Every structure is written in structure tokens, then in C-alpha cells.
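A.B. asks: please work out how this folds:
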Amino acid sequence: FLGKAGSKMAAAEAATEEIYRGKLSTRCITVLMILVGLPLWWKTTETYRASLPYSQISELDLLLLDISVPVEVVFAKGTLTAEQQKKLLPQTQFSQRQNQLDDKTGFKYRYEKTYRAVTGLEQDAIMSKNVEEAVVTLSQVYESPAGSVVIYVVPADSQLLPDEATVYIGKHRASFLRSPVTASHSVEDVLQDIDDRLEDILQTVSFTDDMVTAALSSRVPSGSFSTDSFTTSIPAFKSSLGYEITFSLLNPDPKSHDVCWDIKRAVENYVQPFLDKLSFVANFSVDSQILYYAVLGVTPRFDKSSSSFSLTEESLPHVINPVEANLGSNVASSYPVLNFLLYVPEYSHSPLYIRDSSGSPLESNAFHSSRWGGIMIYNVDHKQTNETLLPVSIQVDMARVMEVFLPQMRLLLGIQKVQRLPETVIQSPGNMVVTDWEMDRLLWVRTVENIGTATNTLTSLAQLIGEIGNIVINDNIASEVYRAVASVQLSLEELEAGRLLLAFQASKDAITSSEKAFFDPSLLHLLYFPDDQKFAIYIPLFLPVCVPVVLSLLKSGKDLKWRQKVD
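C.D. replies: Prediction:
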């Protein structure tokens, strides 16, 4: 009996010890899970998010541009009396305007007008009787920075300007104004009369309200503006770091026409000088191709009165889509593509003319489409052609073709036509291809557009990262964001100081860095699981581990309560 009792006691002690070890192991496992397992899991599965300048991005979302334009008004000898010159020169005045587009976007600009007397070298140039020579000499004597405007006021009887001209705008940054000042003018009257004429010149050689508004259109809801001037101020192609230019020769009837064009020499002689002038704005690449059996996709109408075929204005929009399907070039390009098509009509549809709304043929026989390119129809003279001698050998006159394509290219890249004012002569750029003040106008617009696009991109990126809490923010993304914010701020500072080139360069850096950050592959939304999918992944992993531990903890808790009651 004692042996049995002893064995029962030993068994009870062993069972108690086993229960104690089970409880102890449960507690140890629980402690290890809480102190080691959970932190380790949390650390190894956490999303790395580098810090971003959210406050600075939020400040940039409220954009008020402050643009400064340096203007020098230089009085030549004989325009002011000694008393007027003594009271008036030198001095500086400011005129400012502000335009609020919406509650988050606006701009103000001011002209910093400096009035001074002409220097000796400038006076010698103005004394020339050839205004074009004076323009060149003044550009060598006085080099004005980009974005600035210099206006020389010459005597009313000066022989420098053409007789019919009150204003002459040179191809550099110097303009000439025939003086409206008389000896009886007071200082206030002198400034008033000069400023009235300065306004028209500044609106021509510098930016306008509509140009800046159009450049900020990406920040303003569509439909907010409907004026014709605003519409015409929108650049054909948005600002980009690069452009692809493609020249295509379309020969739909190679059996009748053997067309040859020296596109390489034409690009070197006509296009490349223009692109070299714009190389500071963007990178350009040029290619060419010849497409056979490519038709316009629109059947021309036959005109009996002129024995020719014609395309009306209404049919032109239907021409582009069928032609574009045959181009097939630069499909993978990340840059905008400018297409220039030279179309030689079929023998059965020759000659072919584009007619305006009044039925008259267009002199250029060409048209262009915004943000796409241009098309020119090149007719072949078949009057002396014998059908038995087909195909006819055709050598394209590239000078005639480039006279059409170059103006189209200027418009598509944002170099807009200016409204010629009465009694105003605008000097042709000549070999310069683009005048200095046209470049300045383009840089003003592109700088503002780049700032608007960069701030939009940064704001969208901050919003995206805020909405997706587990998105990874790598250090390289953070560095690009910081660089973009700093570049935008620098560009705004340079605009305010009137340093156009530095402002434009900073805006290019801003849009480059902001797009690099926004389009980084690690920010793709498909790389991240929604929360419900995460639960579906983690529950099968943690449930088998946690259930026994939780049940053991519940049992230990019940035992503890039972002992407390017994005691």
C-alpha cells in the first residue's frame, strides 16, 4: 500500500512538474515572440521611407511668380534739352502689374526702367545712316544680358530710321524710338509720352500677360480662359528636354514618279543652324524616311474650272490619322515628335491644291497641326510628260520646301508671330535664323512653364506618397525631390532678380529632377499590396503559431484564477 501511495505521489509530482514546465515554456515562447519575434518581423518587413520636404512642397503649391525685366531707355543727343536732361537723367522707375489666375496660382511682373544718356560709342553708332549697321555695332559695343530690353530714343528728324517708321525693332535686343519730346515738355510729360510708346515695344520684344497665363495653363483648370489671345499664346508643343524631328517623303505613286530629295544637305543648310540656336533650350535629333504607296486617306475633289484637284479646309483634319499610321517612326521615343511630310500627289490626282474657305489655293500649299507637325503638297508639272516615259524623274527643290517647313517649325517650338504695330519696322533675323529677343520670349515662356510643371509634379508626388502609406521612398528619390525643390526656389529667385538664363537653367534642372523622382520604377503602384491582400498572406503564417500560444496563455490565466480562489 505504501509503495502504491509513493508511486502515486511521484506521478503527481511529475505531472505537476510537467505542467509547470509547460507553463514556463509557454511564457518563455510568449516573451520571445513579444520581445524578439515581433520587433524582428516589424523591422524586416517595414517600408523604408526617406524624409521629404513636405512643407516646402506645400509652399510651392501656392505659386506666385515675381518676374523682373530690366529695361534701359537711352536718350541720344538732340532728344532732350540741357534742362530736361539735367532733371531727368539718370533715374530708375518701376512699373508693376499683377494677375491672379486662381486661389493657388498667380504672377506679377515689373519693368525696371533705367533712363540714361547715350555713351560716346553708342552715339557714334546711332549717327550712322544705316539702321541695320547701327544694330550690329550697338550689339558689339553694349552687350545686353538675356531678357533685358534696350530702347534708344533718337531725335524726331533722325535719318537713321525709315521715313515711315516711328519704331524700329532690331534683331538683337536694341530697339529705336523716334522721339515724341519737344523743348516745351516738362519732365513728367517726357516720361509720360516715352512710357506710352515703350509699352507697345515691350509687349512685342518681351512677354505678354497671355503668354505667361498660357505657360501656367497646367496649373489652371481647363476652360477657365477662352480668349482668342490666350489660345494663340499656347505653345504648340509643351516644354520638353528634347524633341524628335522627322522629315518624311511620301510617294504614293512610285510607278509614275521617281522622286529624289537631298534632305541631308537641306538639314545641314537650313534646319541645323536653327536647331543650334535653340540648343540651349532642348536637345534635338533629326531623321528622315521615304514612304512608298502612302496616301493621304482623303479623296481630293476635281475642279473643272482649273483642271486640278483640291483639298478643302474641312478635309484637312482627316488627312493626319491615315498618314500617321504609316509613319511608324519614333514609337518608343520619350520625347515629343515633330513630323514634317512632303507629299507628291499621284499622277491621277495632279495637280493637287489646298484651298481656303474662300476657295482660293494657299500660296504655300501646306498646313500644320498643333503638337503634331506640318504637311506640304509638292506638285509635279505633267504638261510635257509622255505617259510612255513614266516614271518621271523628279528632283525636289529643297529651298522651296524649307521655306515652308522652317516657319512651321518655329511655330511648333513656341516662337510665336508678333503683331506688327502701326509705323513699326521689325528687322528680319537673316542669317541669325532667330532674333535675340525672340529667344528671350521663348525662354520667358519655357521658364514659367517648367516651374509650373515641376511644382505640379512635386505636389502630385507628395499626394501619391501620402495616399500609399507603405510605398518605398529610396534615398535617390528623396535626393531628386530635394534637388527639384531647390531648383524651383532658385529659378524663382533668379526670375525675381531678372536673370533669365540662370532662371531657365534652374527650371530645366527642376523639371528633370522632379520627373526622375515621379517616374522612378520603385514608385509603381503595382509593386504594393492592398491591406486585405496582406492579411491574406500573414494569417496563414501567424495563425498556426499564435493559436497554441494564445490557448496556453488562456489556460494559464484560468489556473491562476483557480489558485487565487483556493487560497
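A.B. asks: center of this structure, which residue is that?
C.D. replies: residue 239 (2.0 Å; CA atoms, centre = their mean).
A.B. asks: close enough to count as contact, that residue and residue 453?
C.D. replies: Yes. Contact criterion CB atoms under 8 Å: residue 239 and residue 453 qualify, at 6.9 Å. Using the backbone N, CA and C atoms, a C-beta is placed for each residue, glycine as well.
A.B. asks: now for those two: what residues contact both?
C.D. replies: residue 511 (CB atoms under 8 Å, 6 or more residues apart in numbering).
A.B. asks: may I have the phi/psi pair for the residue nearest to the centre of the chain?
C.D. replies: Residue 239 has phi and psi values of phi -60, psi 130 when expressed as degrees, to the nearest 10.
A.B. asks: show the pLDDT at it.
C.D. replies: pLDDT, residue 239: 85.
A.B. asks: separation between it and residue 415?
C.D. replies: Separation of residue 239 from residue 415 (CB to CB, to the nearest Å) stands at 13 Å.
A.B. asks: low-confidence ranges, the stretch 351-500 of the chain, go.
C.D. replies: Across the stretch 351-500 of the chain, residues meeting the criterion (pLDDT under 70) sit at 382-389.
A.B. asks: where along it do the strands fall?
C.D. replies: 352-354, 366-369, 373-377, 392-395, 424-426 (DSSP state E, counting those that start in this stretch).
A.B. asks: figure out which of these is closest to residue 169.
C.D. replies: Closest of these to residue 169 is strand 424-426, at 4.8 Å (criterion: CB to CB).
A.B. asks: beyond the helix or strand of the chain with the lowest mean pLDDT, next helix or strand please.
C.D. replies: When each helix and strand of the chain is scored by mean pLDDT, DSSP states H and E, helix 228-233 comes last, with a mean of 49. Next helix or strand after helix 228-233 toward the C-terminus (DSSP states H and E): strand 242-251.
A.B. asks: the helix or strand following that following strand pairs with which strands, parallel or anti?
C.D. replies: Following strand 242-251 in sequence order, the next helix or strand is strand 257-260 (DSSP H and E). If you go by DSSP bridges, strand 257-260 pairs up with strand 392-395 (parallel).
A.B. asks: for the partner strand, which positions count as buried?
C.D. replies: 392, 394 (16 or more other CB atoms under 10 Å).
A.B. asks: what comes into contact with that strand?
C.D. replies: 256-261, 344, 380, 382, 385.
A.B. asks: ok, residue 502 - contacts?
C.D. replies: Contacts of residue 502 by CB under 8 Å, 6+ apart are 490, 494.
A.B. asks: buried set for the host helix or strand of it?
C.D. replies: Here residue 502 sits within helix 500-518, counting by DSSP H and E. Neighbour-count burial for helix 500-518, with 16+ other CB under 10 Å as criterion, is recorded at 500, 502-518.
A.B. asks: could you do stretch 416-428 as well?
C.D. replies: Applying 16+ other CB under 10 Å to stretch 416-428 flags 416, 418, 421, 424-427 as buried.
A.B. asks: go on, stretch 432-444?
C.D. replies: Result for stretch 432-444 [16+ other CB under 10 Å]: buried residues 432-444.
A.B. asks: then that stretch to PDB, C-alphas only?
C.D. replies: Taking C-alpha atoms only, stretch 432-444 is exported to PDB below (Å, rounded to 0.1, in the frame of the first residue of the first chain):
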ATOM      1  CA  MET A 432      20.700  84.500 -87.300                       C
ATOM      2  CA  VAL A 433      17.500  82.500 -88.000                       C
ATOM      3  CA  VAL A 434      16.100  83.600 -84.600                       C
ATOM      4  CA  THR A 435      16.400  87.100 -83.200                       C
ATOM      5  CA  ASP A 436      17.800  87.600 -79.700                       C
ATOM      6  CA  TRP A 437      14.500  89.000 -78.400                       C
ATOM      7  CA  GLU A 438      12.600  86.000 -79.900                       C
ATOM      8  CA  MET A 439      14.900  83.700 -78.000                       C
ATOM      9  CA  ASP A 440      14.200  85.800 -74.800                       C
ATOM     10  CA  ARG A 441      10.400  85.500 -75.400                       C
ATOM     11  CA  LEU A 442      10.800  81.700 -75.700                       C
ATOM     12  CA  LEU A 443      13.000  81.500 -72.600                       C
ATOM     13  CA  TRP A 444      10.500  83.500 -70.600                       C
END
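A.B. asks: what's it in contact with?
C.D. replies: 67, 139, 146-147, 149, 169-173, 205-207, 211-212, 273-274, 277-278, 281, 410, 413-416, 427, 429, 500-501, 504.
A.B. asks: and these, which are buried?
C.D. replies: Using 16+ other CB under 10 Å, the buried ones in these are 67, 139, 146-147, 149, 169-173, 205-207, 211-212, 274, 277-278, 281, 410, 413-416, 427, 429, 500, 504.
A.B. asks: which residues does residue 452 contact?
C.D. replies: 63, 105, 215-219.
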